[in-house]
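J.: model this:
(one chain, ligands or ions: 2)
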Amino acid sequence: MSRNIAAMKLSGLLLRQLQPGLSPTSRFGNAVIEASKISGLRGINNIWNTMPEARNSSTVASNAGKEEKTSSAPTGRVADGTNDQANNKTIISYWGVAPSKITDEDGSPWRWNSFRPWETYKADTSIDVKKHHKAVTFTDKFAYWIVQGLKYPTYIFFQRRHMCHAMLLETVAAVPGMVGGMLLHCKSLRRFEHSGGWIKALLEEAENERMHLMTFLELSQPKWYERALVFAVQGVFFNGYFLAYLASPKLAHRITGYLEEEAVNSYTEFLIDLEKGLVENSPAPAIAIDYWRLPPDSTLKDVVTVIRADEAHHRDINHFASDIHCQGHELKEFPAPIGYH
Ligand SMILES: [Fe+2]
Ligand SMILES: [Fe+2]
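T.: Ligands and ions are numbered 1, 2, ... in the order given. Just a heads-up that it's a prediction; the model follows:
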């Protein structure tokens, strides 16, 4: 009997992972239902119009962005998922934490919860996108061939489906920074020492990669089998990278450096096909316009260009980190490139 219950729970968990929102009895759905049942407690408890899981509606063309900004947040509370359905749902909590009122430069409410105006930036697209670290040592060659071994199956799987390739690539690319940052964080605590800013630099990289993913989600949605693939790949890659970083940070950073080189190459291919007209050069999603401070009339080509510049910066950071280790030093001895875009 208990085995049946466990099997049902496991299948429910998998269903939620592969198709979030499919089941009306999902954990989040239940929370909202419960919240609406007890909304009579208004006045005793704090009620916030938050819906953290809701996807934002930034697929609207950029020139409609300003209008949407004001219309989507009548109460001044701006959720990531700025749609009416999201704003109608409430979370009730005795512990309600007051949301900060953040405005854009023009005074309109800031429409994103996942990033703030001071985290936005103009990408440095002048960075050399052709730079390559020549594999000389055994570690370099090992890292290089691991990445080459991972690259070919993905090229065969995706071929010229760039949007899909980019979206799934970002789910992997956002892992190394988080794993490295987490391990450096623990090391700093364990050894009672500073990190030289490297924890922050690596976590920034992870967050930046996740923003790439959020951007592509505005343009394409993963199919159920792609979600399943990400589920499996994340389990293997997270643990594999974790062990690699524990064993040899210089190898782990070199692997990431080469992964980033491949990311730059795949975005270059994406840009070539956009220029040839093989991929539609659609308007840039609003999230990209705000995050990279792009002009309102920007297109997908501009978005891919700034994302490629980000990848080139990640490439530099990781090869630099590996070089520090290769030369017999620790990362904390050299100031980390925080805010390197
Ligand atoms: Fe990325
Ligand atoms: Fe990257």
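
J.: give me the number of residues near the nearest residue to residue 270 once chain neighbours are set aside?
T.: Among residues not flanking residue 270 along the chain, residue 162 sits closest, at 4.2 Å (C-beta to C-beta, 6 or more residues apart in numbering). Yep, even glycine has a C-beta here, placed from its N, CA and C like the rest. Per other C-beta atoms under 10 Å, the neighbour tally for residue 162 reads 24.

J.: can you check residue 255 too?
T.: A total of 25 residues lie near residue 255 under the criterion other C-beta under 10 Å.

J.: residues near the residue in the stretch 101-250 of the chain that ligand 1 sits nearest to, how many?
T.: Nearest residue of the stretch 101-250 of the chain to ligand 1, counting by C-beta to the ion: residue 212, 3.7 Å away. By other C-beta under 10 Å, the residues close to residue 212 number 26.

J.: element containing the closest residue to it other than its chain neighbours?
T.: Leaving out its chain neighbours, the residue that sits closest to residue 212 by C-beta to C-beta, 6+ apart is residue 170, at 4.6 Å. When elements are assigned from DSSP states H and E, residue 170 belongs to helix 162-191.

J.: now for the helix or strand that that helix is followed by, which elements pack on it?
T.: Scanning forward in sequence from helix 162-191 by DSSP H and E, the next helix or strand is helix 198-217. Packing contacts for helix 198-217, counted by 3 or more C-beta pairs under 8 Å, 6 or more residues apart in numbering; DSSP states H and E, involve helix 162-191, helix 286-291, helix 300-326.

J.: is the helix holding residue 170 in proximity to ligand 1?
T.: Yes. With C-beta under 5 Å from the ion as the criterion, ligand 1 is reached by helix 162-191 at 170, 173.

J.: show me this protein divided up by domain.
T.: According to automatic domain parsing, the chain comprises the domains 15-114, 138-333.

J.: packed most tightly, which of these would that be?
T.: domain 138-333 (a mean of 18; mean count of other C-beta atoms under 10 Å).

J.: which parts of the chain are helices?
T.: Applying DSSP state H to the chain gives helices spanning 2-18, 27-37, 65-71, 84-88, 138-158, 162-191, 198-217, 224-247, 249-276, 286-291, 300-326.

J.: among the ones you listed, which is nearest ligand 2?
T.: helix 300-326 (3.5 Å).

J.: now the end-to-end length of stretch 97-109.
T.: 18 Å (C-alpha to C-alpha, to the nearest Å).

J.: would you mind listing what in the protein touches ligand 2?
T.: 173, 260, 311, 314.

J.: dump those residues to TSV, plus pLDDT and distance to residue 340.
T.: Formatted as TSV, the residues of the chain next to ligand 2 follow (pLDDT from 0 to 100; distance: C-beta to C-beta, whole Å):
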residue	pLDDT	distance to residue 340
173	97	16
260	98	13
311	98	12
314	98	9
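
J.: just give me the closest of those to residue 129.
T.: Taking C-beta to C-beta as the measure, residue 311 is the one of those closest to residue 129, at 8.4 Å.

J.: got the contact list for that closest one?
T.: Residues in contact with residue 311 (C-beta atoms under 8 Å, 6 or more residues apart in numbering) are 173, 260, 263-264, 267.

J.: what pLDDT does the residue lying closest to residue 188 once chain neighbours are set aside get?
T.: Closest residue to residue 188 apart from its sequence neighbours, by C-beta to C-beta, 6+ apart: residue 195 at 4.7 Å. In this model, residue 195 is scored at 97, pLDDT.

J.: I'd say residue 195 and residue 334 touch.
T.: No. Residue 195 lies out of contact with residue 334 (C-beta atoms under 8 Å); the separation is 11.1 Å.

J.: just the CA coordinates for stretch 192-205, please, in CSV.
T.: C-alpha atoms of stretch 192-205 as CSV (Å, rounded to 0.1, in the frame of the first residue of the first chain):
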residue,chain,number,x,y,z
PHE,A,192,37.3,31.8,8.1
GLU,A,193,38.6,33.7,5.1
HIS,A,194,37.6,36.2,2.4
SER,A,195,36.8,35.0,-1.1
GLY,A,196,38.3,37.9,-3.0
GLY,A,197,34.8,38.6,-4.5
TRP,A,198,34.8,35.3,-6.5
ILE,A,199,31.6,34.0,-4.8
LYS,A,200,29.8,37.1,-6.0
ALA,A,201,31.3,37.0,-9.5
LEU,A,202,30.4,33.3,-10.0
LEU,A,203,26.8,33.8,-8.7
GLU,A,204,26.5,36.8,-11.0
GLU,A,205,27.4,34.6,-13.9
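
J.: all set now, cheers.
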